[in-house]
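Asks: Dropping a prediction and its sequence here:
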Amino acid sequence: SSGLMIKITTSCCKVIIMRIFFCELYKLLSKKIFIICLVVALCINAFTLIYSSAENYNDRTKHNNIEYYNSLIKNCNSSKKASEYLKKELDIINERLTENSTDKDALVEKMTLLNDLISQQNYINRYDDFINNMQIRADNQLSFSIFAEPDSFAYNNIQQTPLDFQHLKGVELYAGNNTFAENATQFQITDYLMIVLVALTCILLFYTERENGLYPLVRSTKNGRTSTIVAKLFAVIAVTVVTTILFYLSNILITGIYFGFGDMSRYIQSIGIFMNCSLKISIFEYLILWILGKTLTLCAFSLLFSFCFTAVKASAKIYGIIVVFLAVEITANLFIEGASAFSFFKYVNIVYFLSNNNLFGEYLNVNIFSNPVNIIMVWTVVATTLALVGFFGSVTVYPINAYGYTYCEKKDAGKKANTYFAYYDISGKLRECGIVSKNFVYNGQVGLNKKTPSPNTDIFDYYAGAMTVSEVVYPNQTYYHWSSENTDYELRLGIYKR
């Protein structure tokens, strides 16, 4: 029967949290400022992406001659001697240009496309040597004394790199229309817009309630504490996931429609900027991983923001912490050299995780106690840790500052009026308590205020257990009126508990 009761209680809690979750979503989406900012951000993102592509001559040329470009790609990949085919086509264009042709602009555009494919083909021809000679290059590097110290990071990293690329030997790469993938994954304005939207979501879900004085009202209700904060955090995660997928998927769709998607079944290494990618996956699979990486990074970021808005009460402090945090992360990412002793802070960095193709498109090992740990593993651990700290930290901190206020009017002389506060740890043991009181209260009124302080010990030793208890003690146990705001429990005359 106890097991059944636990199941029923758990089910009820889930239902309550889901109801509050949908209410939080409705509350956010009903705010005009959020919808306006979302639409404006989408428009800015789409416009700047299209504009930057249209302003680039090579990109514009591909867009204007997409059918010719695709036919060149098809013929190039079907030819056994692709380089010779492309060179022959280029010679034909050069001959026509020397004939003072009237369509010089069109011929120059075709020459541009041919040069692009020749560059791709040269890269593809060199890739096998790049992979096969990795061990030789590693051995050459180890011949220098600066890299030859055993158990050093440099030594271990040089030894590890050829092993991580070994499975790419013999992969078949093909030329193709790479522009859509290059432009979509390297467009950084989307990253900045998403950081702003994540911050705005947290402000609207957390801070506006506090500014409007709704926290005491919400927290005094039956499900106003743990259930509410869990639902809020789920709402933050849901909004972050949806907006992240919306923005980054729109980048892929915009560039794909503008330039064409090409053959996405090719290995990602077919695109030159992914030469140092050690994952044996297709372009399509890479784009899925790319969106997933952005989504999880921003979810960790949003939960960390939520923790700040929950734990810090003063608005100036909240914005100050966020600004300083971002400034430190951006500065470390931009100005710390990769070979520096502080390179750990350059790479173990939310801005680095979020930028371009740093996670899955660039091979990198981070120095962890002289051991080379791949950036994907580092990101997984860091993002998961930040998400857990943000989530459970918010759940723990959200109800920790209880506020008790006692007010009463008395008929007979009162002996004492008190407002207590107390913290309990997970085991239920009383950890800290205090009291504010007035003795010998006579006919009239008394108001007692007490705000629970932040605990002096580790904040994670406490669960949602901060509470205030208010009581009034009379010798004759009579009173006219009683009110107590924001308290977890109310003791009337020291014997009545609601």
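Replies: Sure, I can see it. Residues are numbered from 1 along each chain as shown.

Asks: Quick check: phi and psi at residue 267.
Replies: Backbone torsions for residue 267, taken as degrees, to the nearest 10, come to phi -60, psi 150.

Asks: wait, residue 396
Replies: Backbone geometry at residue 396, expressed as degrees, to the nearest 10, gives phi -70, psi -40.

Asks: Give me the number of neighbouring residues for it.
Replies: For residue 396, the count of nearby residues is 22 (other CB atoms under 10 Å). The way it works is simple: take the backbone N, C-alpha and C, and place the C-beta from them, glycine included.

Asks: Tell me how far it lies from residue 227.
Replies: Separation of residue 396 from residue 227 (CB to CB, to the nearest Å) stands at 14 Å.

Asks: Ok, residue 76 next?
Replies: Taking CB to CB, one finds residue 76 at 61 Å from residue 227.

Asks: Which residue of these two possesses the greater neighbour count?
Replies: Taking other CB under 10 Å, residue 76 and residue 227 do not tie; residue 76 has more neighbours (23 against 20).

Asks: for the helix or strand encompassing that one, which positions count as buried?
Replies: Using DSSP states H and E, residue 76 sits within helix 66-78. The neighbour-count check on helix 66-78 (16 or more other CB atoms under 10 Å) flags 69-70, 72-73, 76 as buried.

Asks: What of stretch 363-380?
Replies: Buried, per 16+ other CB under 10 Å, within stretch 363-380: 363-367, 372-373, 375-376, 378-379.

Asks: same thing with stretch 147-161?
Replies: Those would be 147, 153-161, for stretch 147-161 by 16+ other CB under 10 Å.

Asks: before we move on, the earlier item: so which other helices or strands are in contact with the helix or strand just after the helix holding residue 76?
Replies: Using DSSP H and E, the helix or strand that follows helix 66-78 in sequence is helix 82-98. When contacts are defined as 3 or more CB pairs under 8 Å, 6 or more residues apart in numbering; DSSP states H and E, helix 82-98 sits against helix 66-78, helix 104-132.

Asks: For residue 43, find the nearest of the ones you listed.
Replies: Across the helices and strands packed on helix 82-98, residue 43 has its closest neighbour in helix 66-78 (25.2 Å, CB to CB).

Asks: how many degrees apart are that closest one and helix 104-132 in direction?
Replies: If you take axes from the mean of the first three to the mean of the last three CA atoms, to 10 degrees, helix 66-78 sits at 40 degrees to helix 104-132.

Asks: pLDDT of helix 66-78, averaged?
Replies: The pLDDT scores in helix 66-78 average 90.

Asks: got it, and stretch 33-42?
Replies: Mean predicted confidence for stretch 33-42 is 94.

Asks: Contacts for that stretch next, please.
Replies: Stretch 33-42 is contacted from outside by 28-29, 193, 196-197, 200-201, 204, 243, 246-247, 250, using CB atoms under 8 Å, 6 or more residues apart in numbering.

Asks: Reformat those residues as CSV; add secondary structure, distance to residue 320 and neighbour count.
Replies: Shown next, in CSV, are the contacts of stretch 33-42 (DSSP: H, G, I helix; E, B strand; the rest coil; distance: CB to CB, whole Å; neighbours: other CB atoms under 10 Å):
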residue, secondary structure, distance to residue 320, neighbour count
28, helix, 24, 19
29, helix, 29, 14
193, helix, 22, 20
196, helix, 17, 11
197, helix, 20, 22
200, helix, 17, 19
201, helix, 19, 23
204, helix, 19, 19
243, helix, 25, 21
246, helix, 30, 14
247, helix, 27, 23
250, helix, 33, 16
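
Asks: Can you list phi and psi of residue 373 for me?
Replies: Residue torsions, per degrees, to the nearest 10, at residue 373 are phi -110, psi 130.

Asks: In what element of secondary structure is the closest residue to it other than its chain neighbours found?
Replies: Spatial nearest neighbour of residue 373, excluding adjacent residues (CB to CB, 6 or more residues apart in numbering): residue 366 at 5.2 Å. Residue 366 is located in strand 365-368, with elements delineated by DSSP H and E.

Asks: what helices or strands is that strand leaning on?
Replies: helix 153-165, helix 343-347, strand 371-374, helix 375-397.

Asks: Could you tell me which strands sit next to it in the sheet, and their orientation?
Replies: strand 371-374 (antiparallel) (DSSP bridges).

Asks: contacting residues around residue 176?
Replies: Residue 176 neighbours (CB under 8 Å, 6+ apart): 73, 77, 120, 262-263, 266, 270-271.

Asks: just residue 387 next, same as before
Replies: Here residue 387 is in contact with 296, 299-300, 303 (CB under 8 Å, 6+ apart).

Asks: Measure how buried the closest residue to residue 261 other than its chain neighbours is and give me the count.
Replies: Spatially, and ignoring its direct neighbours in sequence, residue 261 is nearest to residue 180 (6.0 Å; CB to CB, 6+ apart). For residue 180, the neighbour count with other CB under 10 Å is 26.

Asks: quick check: mean pLDDT across the one helix or strand residue 180 maps to?
Replies: Element membership for residue 180, per DSSP H and E: helix 179-186. Summarised as a single mean, pLDDT over helix 179-186 is 92.

Asks: what's the answer for stretch 230-240, then?
Replies: In the prediction, stretch 230-240 has an average pLDDT of 92.

Asks: now swap in stretch 243-252 and tell me
Replies: For stretch 243-252, the per-residue pLDDT averages 96.

Asks: what about the nearest residue to residue 322 once chain neighbours are set aside, how many neighbours?
Replies: Nearest residue to residue 322, sequence neighbours excluded (CB to CB, 6+ apart): residue 308, at 6.3 Å. Close neighbours of residue 308, defined as other CB under 10 Å, add up to 22.
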